[in-house]
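Asker: sequence first, then the predicted structure, then my questions.
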Amino acid sequence: MMFDVVIRGGRVVDGTGGPSRVADVAIRDGRVARIGTLGEVEARRFVDAAGLVVAPGFIDIHNHGDLTVVADPRAQSSIAQGVTTIVVGNCGQSPAPLPIPAALPDLTFGQVDGSLVTWTSFDEYLGALELAGPAVNVASLAGHNAIRVAVLGRSARVATGSDQGAMVAELDRAMEAGAFGLSLGLEYPLGAGAETEELVRLAEAVARRDGLLAVHTRDRDFDAIEAFDEAFGIAERTGVALQISHIAPRRGAPAGALIDVLARIDRSRSGGLDVACDQHTRFHGITKLVAMFPPSASVAGPGELLRQLRDRQTRAAFHEFRRPIHKLGLLGEWDRLSLFEAPASPEWVGKDFSVIARERGQHPLDAMMDILIEAGDDASNVMFVGLVQTQQDLDLTFGSATCSPGSDATVLAPDGPLARQRFLGAYTWAAFYLRSIVRERGILGLEEGIHRLTELPARRVGLPDRGVLALGAWADVTIFDPDVVEDLGTVAEPNQFPLGIRRVLVNGELAFSDGEFATRRHGQVLRRPGLGTAV
């Protein structure tokens, strides 16, 4: 038999968590054809993996490259880390359905040319992805915020029963098109107005189709416990498979909140609920600066936001707002909040808000407001970061058998249409995990660490024949040096490729080899299989 590729003599870590072994891996027609000592065989390409780990391609279960992978489908920041599949549509944010194109910046991360957006429905969005031809496989959840906007426009009002029915219909259409479930972003302005009953009704629709409900909870610091209660309550009432996104509570959360929620996951699973979690691999949270202000300031669009920011009485009221996403300002810890992305105010980027406020002669919150005014119509794309988690948080979280690592980042490249964009984690998340959590700190052994990057997220999302090196599985493969792999990006300079990833294959085709990217792209847009109709 002639094989397309034979990978020779690597340490095969198959993704299941079982023991590794030195073996050859043969690939034919995009799938794994044989694993073992193959001897003399014929192949169009041989890859020497002696001394290296041969693993399934890594799966990014929590990605925000919904738009950026359309703008630049090369997905180099992912491929260079060994990532072969991304799951987008997280945190309630997705670019479809999109009956109101002007709402797009508030429904996604990353800045793209509006002319790229040719879709209205979720099916059309997936079609645009297919037309782009990504270098990675792309699976998508439907975002609750987008569904809410499709039914209510930008209104933050409570949804009526008929509104909820219309949302369920939108969700059904998205899942029929191939969405793997629904995500909630309950801290974001366009999702914060949803009451629990609305979420329960949508969760019931997801459960009927055996989909996944990924929840960015309503609060992750002061009221983290109550927010987790809501998420678990939805699962208990509906039986939906619950994924708690970036689960580690932030600085300011009640003492022991992380230990409590991880223990609650274990108890829930013992009681028959399908609950798991994911966590990004960094100490900083990153989000849009508008999240520091009441949802009413931004739900109506950039024009109304700017009007409110210029109004003296409204600005004074904003100082009394007690529920921003990052409550470090309420704790007086402005030095933990830093401006990350603001093209109209580059002199302040990289500085923390205690410094920015001092240099501008303002209160930190007023400095934030004026930076948004300076951004004008681009205000929704101004980003900031908060130092909110510790090494102990990450150790505890990744120590849980239910936790998958993820980027919580967009997909980027150092040149081309996205060259000027930055995002924490985009170039570093998987390499950080392998270096810190697996090699240096030993929180997990290599086999279990690879399992969390591969089979665990594949099974969680429902990606058949992905995440394992097994006969008949899709040949998504990452070959790396476990002693060398290292993240190089920093908060100040995040867009730096990692070390130690030697070769990456996507669906059996070479995508990356010793620092060079293939010119042809072989990713697939994954639509949820076995959809049928809701029962």
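Answerer: That came through fine.
Asker: just checking, residue 302 touches residue 382?
Answerer: No - assessed by C-beta atoms under 8 Å, residue 302 is found out of contact with residue 382, at 10.9 Å. Where you see a C-beta, it was placed from the backbone N, CA and C, and this is true even at glycine.
Asker: make sure residue 55 is indeed in a strand.
Answerer: Yes - according to DSSP: H, G, I helix; E, B strand; the rest coil, the state of residue 55 is that of a strand.
Asker: and it, what pLDDT?
Answerer: According to the prediction, residue 55 has pLDDT 98.
Asker: the one 3 residues further on too?
Answerer: The predicted local distance difference test score for residue 58 is 98.
Asker: who's it bridged to?
Answerer: Taking DSSP bridges, one obtains residue 83 as the residues bridged to residue 58.
Asker: quick thing: my sequence starts at 329, can you match it?
Answerer: Fine by me, first position is 329 from now on; the one you just mentioned is residue 386.
Asker: right, and it touches residue 412 too?
Answerer: Yes - taking C-beta under 8 Å as the contact criterion, residue 386 and residue 412 are neighbours in contact, 6.6 Å apart.
Asker: which residues of this structure score low on pLDDT?
Answerer: Scanning the chain for pLDDT under 70 picks out 858-863.
Asker: for the longest strand anywhere in the chain, name the packing helices and strands.
Answerer: Longest strand in the chain, counting residues (DSSP state E): strand 330-340. With contacts defined as 3 or more C-beta pairs under 8 Å, 6 or more residues apart in numbering; DSSP states H and E, strand 330-340 has these neighbours: strand 349-356, strand 359-364, strand 370-376, strand 381-384, strand 805-808.
Asker: what residues does that strand touch?
Answerer: Contacts to strand 330-340, defined as C-beta atoms under 8 Å, 6 or more residues apart in numbering, come from residues 348-357, 361-363, 366, 369-378, 380-383, 797, 803, 805, 807, 833, 836, 838.
Asker: and for stretch 502-509?
Answerer: Judged by C-beta under 8 Å, 6+ apart, the contacts made with stretch 502-509 from elsewhere in the structure are 415, 417, 424-425, 449-451, 454, 467-470, 475, 499, 533-534, 537, 539-542, 569, 789-791, 853-856, 859.
Asker: please repeat the previous calculation with a cut-off of 6 Å.
Answerer: For stretch 502-509, the surrounding residues in contact (C-beta atoms under 6 Å, 6 or more residues apart in numbering) are 450-451, 454, 467-470, 534, 537, 539-541, 789-790, 855-856, 859.
Asker: before we move on, which element is residue 392 in?
Answerer: For residue 392, there is no host helix or strand (DSSP states H and E).
Asker: report whether the expected contact of it with residue 435 is present.
Answerer: No - in this structure, residue 392 sits apart from residue 435 without contact. The criterion is C-beta atoms under 6 Å, and the distance is 11.0 Å.
Asker: between these two, who's got more neighbours?
Answerer: When residue 392 and residue 435 are compared on other C-beta atoms under 10 Å, the one with more neighbours turns out to be residue 392, at 28 against 25.
Asker: OK, contacts around the more buried one?
Answerer: The contact partners of residue 392, taken as C-beta under 6 Å, 6+ apart, are 437, 738.
Asker: what's the distance between it and residue 753?
Answerer: When distances are taken as C-beta to C-beta, to the nearest Å, residue 392 and residue 753 turn out to be 9 Å apart.
Asker: repeat that for residue 497.
Answerer: As defined by C-beta to C-beta, residue 497 lies at a distance of 35 Å from residue 753.
Asker: try residue 508
Answerer: For residue 508, the distance to residue 753 (C-beta to C-beta) stands at 22 Å.
Asker: one more: residue 381?
Answerer: 22 Å.
Asker: so what's residue 506 closest to, chain neighbours aside?
Answerer: When the adjacent residues along the chain are set aside, residue 506 lies closest to residue 855, with 2.7 Å between them (C-beta to C-beta, 6 or more residues apart in numbering).
Asker: what about stretch 805-812, how long is it end to end?
Answerer: The distance separating the two terminal residues of stretch 805-812, taken as C-alpha to C-alpha, to the nearest Å, comes to 18 Å.
Asker: just the C-alphas of stretch 785-801, formatted as PDB.
Answerer: Taking Å, rounded to 0.1, in the frame of the first residue of the first chain, the C-alpha atoms of stretch 785-801 are listed here in PDB:
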ATOM      1  CA  PRO A 785     -12.200  19.000  24.000                       C
ATOM      2  CA  ALA A 786     -13.100  16.900  20.900                       C
ATOM      3  CA  ARG A 787     -15.500  14.800  22.900                       C
ATOM      4  CA  ARG A 788     -16.800  17.800  24.800                       C
ATOM      5  CA  VAL A 789     -17.800  19.700  21.700                       C
ATOM      6  CA  GLY A 790     -18.800  16.600  19.700                       C
ATOM      7  CA  LEU A 791     -16.100  16.400  17.000                       C
ATOM      8  CA  PRO A 792     -16.100  12.900  15.600                       C
ATOM      9  CA  ASP A 793     -12.700  11.300  14.600                       C
ATOM     10  CA  ARG A 794     -10.700  14.200  16.000                       C
ATOM     11  CA  GLY A 795      -8.500  14.600  19.000                       C
ATOM     12  CA  VAL A 796      -6.900  11.100  18.900                       C
ATOM     13  CA  LEU A 797      -4.300   9.200  16.900                       C
ATOM     14  CA  ALA A 798      -6.300   6.100  16.000                       C
ATOM     15  CA  LEU A 799      -7.100   4.100  12.900                       C
ATOM     16  CA  GLY A 800      -9.600   6.000  10.800                       C
ATOM     17  CA  ALA A 801      -9.300   9.300  12.700                       C
END
